[in-house]
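>>> Return a 3D structure for these sequence lines:
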Amino acid sequence: MPVRIRLQRHGKKGKPFYWIVAADSRSKRDGKFLEKLGTYNPNTNPATINLDVDDSVQWLHNGAQPTDTARAILSYKGVLMKKHLLDGVKKGAFDEAEAEKRFTAWLEEKEGKIQAKKDGLSKAAEKEVNEKRIASQQPEPEAVEEAVSEEVAVEATAEEVPATEASTEEASTEEATPEATEEEAPKE
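Numbers count the residues shown, from 1 in each chain. Below is the predicted model of the structure:
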């Protein structure tokens with residue numbers, strides 16, 4: 001019976017949630033499994049992975065083959081590193097205490113990288129929120145230009161209106177004068 005370590009999909013449409021399971025390769029994707037090893041939630045940033053490292057290593061030693069995605073997850077959590085170190089112990093390259101020391105150092109380094117990513121994400125999110133807040137407090141440059149051009153247009157029309165009215169009054173008086181002379185002319 002060939003055993004695979006693979007993902008079993010759960011959750012709802014558009015919001016996947018996976019169980020990491022050891023299952024017979026002939027069983028359905030979401031069907032019968034031999035053992036649940038952990039969970040994987042890709043909806044969070046960074047993705048949330050809960051995994052039983054020791055059981056996963058045991059399944060790998062027994063010959064279980066991980067799928068590509070499961071292999072990436074196992075590598076990310078250090079399962080493949082621990083298996084590699086335990087193989088070194090079996091061959092006599094170093095003792096089990098040294099293997100555990102190396103694995104712990106690797107885990108601490110990995111946790112530091114993950115924490116740095118989380119800090120970077122929170123700073124980026126904070127910066128984005130601040131930019132939105134500043135943008136909402138300040139009017140947009142296009143709106144400012146439109147307001148300035150409207151004010152200039154209003155001032156220009158205000159200056160032109162009195163000049164136009166004065167010229168209209170002068171024109172009406174000039175027109176009245178020739179008419180008056182014409183009216184007077186027929187009376188004679």
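
>>> any chance you could map the helices in the protein?
Remark: helices assigned in the chain by DSSP state H are 53-61, 68-77, 79-91, 96-137, 141-187.

>>> Run the chain-centre distance for the first one.
The gap between the average C-alpha position of helix 53-61 and the chain average comes to 34 Å, counting by CA atoms, centre = their mean, to the nearest Å.

>>> What helices and strands are in contact with it?
Counting by 3 or more CB pairs under 8 Å, 6 or more residues apart in numbering; DSSP states H and E, the packing neighbours recorded for helix 53-61 are strand 3-12, strand 35-41, helix 68-77, helix 79-91. The C-beta positions use only the backbone N, C-alpha and C, and glycine is treated the same way.

>>> hmm, 6 Å instead?
Packed against helix 53-61, as judged by 3 or more CB pairs under 6 Å, 6 or more residues apart in numbering; DSSP states H and E, are the following elements: helix 79-91.

>>> Could you tell me the angle between the helix it packs on and strand 3-12?
160 degrees (axes from the mean of the first three to the mean of the last three CA atoms, to 10 degrees).

>>> quick one: helix 79-91 to helix 96-137, angle?
170 degrees.

>>> list the buried ones in helix 79-91?
79-83, 85-86, 88 (16 or more other CB atoms under 10 Å).

>>> out of those residues, who's nearest Gly31?
Using CB to CB, the shortest approach to Gly31 within these belongs to Val79, at 23.6 Å.

>>> Quick one, grab the pLDDT at the nearest residue to that closest one once chain neighbours are set aside.
In this structure, Val79 finds its nearest non-sequential neighbour in Ser56, 4.5 Å apart by CB to CB, 6 or more residues apart in numbering. Ser56 is assigned 94 on the pLDDT scale.

>>> List the contacts of stretch 38-48.
15, 17-20, 49-52, 73, 117 (CB atoms under 6 Å, 6 or more residues apart in numbering).

>>> Compare those and tell me which has the most neighbours.
Counting neighbours by other CB atoms under 10 Å, Ile20 leads the contacts of stretch 38-48 with 27 neighbours.
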